[in-house]
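Visitor: return a 3D structure for these sequence lines:
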Amino acid sequence: MKINKIFLPIIILFILMTATLVVFSASSLNIPKDFNSNGDLIKGWYWLRDNSLQNYAQWTFENFPPGNNDLTLDITALATDRPNGRRGLPAEFLLIYEVPGGNVFVTQKVTLPNVSQPNDSVGYTCNGQITIPRLVLQEASVLFVRTERISSDTNHLAFNKKSIKIIETAEVETYPPSQETQFYQDSQLPDTNNQNEAFLIQPGIYHGSLGGQIAGGQTDKEDWYSLNLQEGQIINLQLTQPSGGSFIIYLRKPGSTSTVGYTISQDNIRTLQHVANISGIWFIKIRRSSGEGNYQLSVDIQNQNDAGSNHDAGNTSDGAIALFPGTFNGFLNRADKDDWYKIYLQEGQTINLRLAHPSGATFSPFLYRPNSTYSEGIVHTQDDIKTLQHNIEITGIWHIKIHRSSGEGDYQLSINISDYPSGQTEQSQSVSSEGFTANKFRSNGSLIQGWYWLRDSALQHYAEWTFENIPPGNNDLTLDITSLATNQAGGGSGFPARFRFIFGFPGSGSMGGVFQTTEITLPNVSPSNDPVGYTCHGLITIPRDFIAGATTFFFRVERISPQDNHIAFNQESITLFIEEQTTDSYEIKSSGTKKQ
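Guide: Model prediction:
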């Protein structure tokens, strides 16, 4: 079988994630001179698994020969989901490398597939290769490499000194005459006839064939490929079959032997669309049912962008995206039946929901009061529009669910709330909410007109708030957060603010005795007449059972990757609310949004 790559997207930031089978000329094989890690040492491996994401592993390579050929990092790691956890999981982490003194500093998100053999009793081993273009390194002979976990939700990782080796690649390729060949990005690949041989591919268009003979005189019945998918991504596969042939396409999630997704056939084309419900290495199988000949496989991966968040709205209330009055777009299909949102509402307000769904589909809105599983209000239907109106009887975080009963496609959700406070209005509260601003604030971001911008590619910028003397109680905390966001210095409008959020309370350690880390995306809520359009806004709820008894709270935000939007905060960016029996008033403040 031959497979020729017609198209691959350009991969930015100088790092190519490859699993190439180019024959490497081992003109230099470098092990690190120095290695250190603050991870937990277990049987010779340092585990990065702390919730505060402070664990790291780092290597220093010296005296590798200069030249024009690229360097390839061959990386081996261990991965599992918890102490003594599951096998077969990928290793996902941030890879940071720099040339000392050369102002070259690159950060890249990397996922290594699990390559454990079936007879491996542990099954934690992951391996892959990263290519560093020599153009980036120039004449340097020293290279510093560091790995960190991306978030507290990603798998636990382990490294040791031998986890990374440097291979200098030479432009040497050989093609075994006895083996069928594939081609991927100018590299030689073996034939893939079962899942264990599946080769990692990228979005693009490929040509292959089935029905011919392979080694041993057997008929070539199957081709296998693999894809690295993140939870919430939409995968679209299209298989064009040869005339007179019947080829079938299948998709498998990580660690499963069952197929997922729905295949639609029209003429000689089969299409399959699915929303990934788990991050990791997914598998594509193309099987010959009858006939023989060449086929074309088209692979497309799209990120969901529910409510401008750049990801999928949660399938349960735990993953709900915070919204405010406005109009938002979303997507549902057979594998993604529910999108959850949340909104802060006050007693006496009236909420109006308007849902426009695709023609021929049936999507419905549901409204839930705080801590309830019963929906509120009556849904009215007219053509492809559904509306729901409800008078709010209790102040707190309400949830909105968009549910798909049939069909699939894009929807539009409009939210209107009577008496909703503007960004510069002092609201008299007859309800049980009290607002607090931070006692202490600091940031090392770039200060521009009252806002500290976190935008460095090294991801060292942060903003921190400390709230003191917060009354204890049993009710949850709600954080009202305002941020600015754009895609570059002096950049465009309408972008969401995505960041890592660390919260806790002091007890021991520099960041608090108890703390957690999560990833937050605030939707852009700038009105259409805002000439800047940087304002993002959202609510975060922190369960009181996590912070029971605490009266001092610490919050920190950081960018997650250098590809994320620039974001800005100031001391007034966070207002903390607790539900106490008071009639106090608070001011929802809004600083001017100025371009960077």
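Visitor: quick one, strands of the stretch 151-300 of the chain?
Guide: Per DSSP state E, counting those that start in this stretch, the stretch 151-300 of the chain carries strands over the ranges 156-159, 164-168, 182-184, 187-189, 199-200, 204-210, 222-229, 234-240, 246-252, 262-266, 269-275, 280-290, 293-302.
Visitor: next SSE after the last one?
Guide: Along the chain past strand 293-302, the next helix or strand (assigned with DSSP states H and E) turns out to be strand 321-322.
Visitor: tell me the strands beside that next one, with direction?
Guide: Sheet pairing of strand 321-322 (DSSP bridges) gives strand 338-345 (parallel).
Visitor: buried residues, whichever helix or strand comes after the partner strand. List them.
Guide: As assigned by DSSP H and E, the chain's next helix or strand after strand 338-345 is strand 350-356. Within strand 350-356, the residues scored as buried using 16 or more other C-beta atoms under 10 Å are Ile351, Leu353, Arg354, Leu355, Ala356. C-beta: built from backbone N, CA, C; applies to glycine.
Visitor: beta partners for the first one?
Guide: Beta-bridge pairing of Ile351 under DSSP bridges involves His390, Ile417.
Visitor: if I look at it, how far off is His380?
Guide: 14 Å (C-beta to C-beta, to the nearest Å).
Visitor: hang on, the earlier thing: a markdown table please, covering the strands of the stretch 151-300 of the chain and showing mean pLDDT and distance to Thr535.
Guide: As requested, the strands of the stretch 151-300 of the chain are exported to a markdown table (pLDDT from 0 to 100; distance: least, C-beta to C-beta, whole Å):
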| stretch | mean pLDDT | distance to Thr535 |
| --- | --- | --- |
| strand 156-159 | 95 | 37 |
| strand 164-168 | 80 | 42 |
| strand 182-184 | 36 | 44 |
| strand 187-189 | 36 | 46 |
| strand 199-200 | 74 | 40 |
| strand 204-210 | 82 | 38 |
| strand 222-229 | 84 | 32 |
| strand 234-240 | 90 | 28 |
| strand 246-252 | 91 | 40 |
| strand 262-266 | 83 | 40 |
| strand 269-275 | 88 | 30 |
| strand 280-290 | 88 | 36 |
| strand 293-302 | 86 | 27 |
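Visitor: so for Leu53, which of those sits nearest?
Guide: Closest approach to Leu53 among those (C-beta to C-beta): strand 156-159, 11.4 Å.
Visitor: my guess is Asn193 contacts Glu222, does it?
Guide: Yes. The pair Asn193 / Glu222 is scored as a contact, 5.7 Å apart, by C-beta atoms under 8 Å.
Visitor: ok, Gln195 - contacts?
Guide: Applying C-beta atoms under 8 Å, 6 or more residues apart in numbering, we find Gln195 in contact with Trp224, Arg252, Phe283, Lys285.
Visitor: also Ser298?
Guide: Gly204, Ile205, Tyr206, Asn236, Leu237, Gln238, Leu239, Thr240.
Visitor: in PyMOL, select just the buried ones from these.
Guide: Selecting only the buried entries of the contacts of Ser298 in PyMOL, with 16+ other C-beta under 10 Å as the criterion:
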select buried, resi 204+205+206+237+238+239+240
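Visitor: give me phi/psi at the spatially most central residue of the chain?
Guide: Centroid-nearest residue in the chain: Gln230, 6.2 Å away (criterion: C-alpha atoms, centre = their mean). Note on Gln230: backbone dihedrals following degrees, to the nearest 10 are phi -100, psi 150.
Visitor: equivalent analysis for Leu459, please.
Guide: phi 60, psi 30.
Visitor: against Asn193, how distant is the spatially most distant residue from the centre of the chain?
Guide: In the chain, the residue that sits farthest from the middle, by C-alpha atoms, centre = their mean, is Gly217; the gap is 44.7 Å. Separation of Gly217 from Asn193 (C-beta to C-beta) stands at 14 Å.
Visitor: residues contacting the spatially closest residue to Trp224 that is not a sequence neighbour?
Guide: Nearest non-adjacent residue to Trp224, counting by C-beta to C-beta, 6 or more residues apart in numbering: Ala198, 3.9 Å away. Ala198 sits next to Thr192, Trp224, Tyr225, Ser226, Phe283, Ile284 when contact means C-beta under 8 Å, 6+ apart.
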